[in-house]
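*Asks:* Next input, structure requested:
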Amino acid sequence: MNRRSIVSIVLVVFHAALFGQGPGQWVACSGEAAVQNITTEEAQALALRRARHDAVERVCGVLLQSETLVKDFMTAGDFIHTISYGEVVEEKDVQWETETLPSDRPGSPPVIVLRVSMNARVVSREGKPDPSFRISLKLNKTSFQSGEEAIIRV
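*Replies:* Below you'll find the model as predicted:
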């Protein structure tokens, strides 16, 4: 690779990093998770994921889509989909709290709840979704266990 190619690649990468996402918007957000049938690390990850989701919803809003499946003139199912188009690009002032709640059942141990609050910078994704976009793919299996490798063929 010659020197001109390397300089071009570096300029493209820096341009995308500096100008591609814009400044974003800072917002206070929070999330929580109960340490119940999961490890503390899993509860921390879940609380952080919920806080990030909260931040994106506050900045970008929520797109709501509803579908109703009718079979033989009877409702067979209602499907409600929500999605927010944004991304958390920076987090600061992350604070953790724990709370111990009494159990609903007598004789059971109390429930520990992890709460995280932070400030997050959210960047809204540009553009609108294309409802006519389709993709055809195949997986190597029909069902997977946690940690198994999935091979996707497009």
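
*Asks:* Show the subsequent helix or strand relative to the strand ranked longest in the chain.
*Replies:* Secondary structure of the chain per DSSP state E: the longest strand is strand 86-101. Remark: after strand 86-101, the chain's next helix or strand is strand 111-124, criterion DSSP states H and E.

*Asks:* and that following strand, what other elements does it pack with?
*Replies:* strand 25-35, helix 40-60, strand 86-101 (3 or more CB pairs under 8 Å, 6 or more residues apart in numbering; DSSP states H and E). All C-beta spots, glycine's among them, are computed from the backbone N, C-alpha and C.

*Asks:* Tabulate those (JSON lines), appending mean neighbour count, distance to S66 and mean pLDDT.
*Replies:* JSON lines is the format used below for the helices and strands packed on strand 111-124 (neighbours: other CB atoms under 10 Å; distance: least, CB to CB, whole Å; pLDDT from 0 to 100):
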{"stretch": "strand 25-35", "mean neighbour count": "17", "distance to S66": "26", "mean pLDDT": "95"}
{"stretch": "helix 40-60", "mean neighbour count": "18", "distance to S66": "18", "mean pLDDT": "94"}
{"stretch": "strand 86-101", "mean neighbour count": "13", "distance to S66": "22", "mean pLDDT": "93"}
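
*Asks:* Nearest to T75, out of the ones you listed?
*Replies:* Closest of the helices and strands packed on strand 111-124 to T75 is helix 40-60, at 28.4 Å (criterion: CB to CB).

*Asks:* Tell me how far the residue sitting nearest the centre point of the chain lies from A33.
*Replies:* By CA atoms, centre = their mean, the chain has its centre lying nearest to H53, at 5.5 Å. Distance, H53 to A33, using CB to CB, to the nearest Å: 12 Å.
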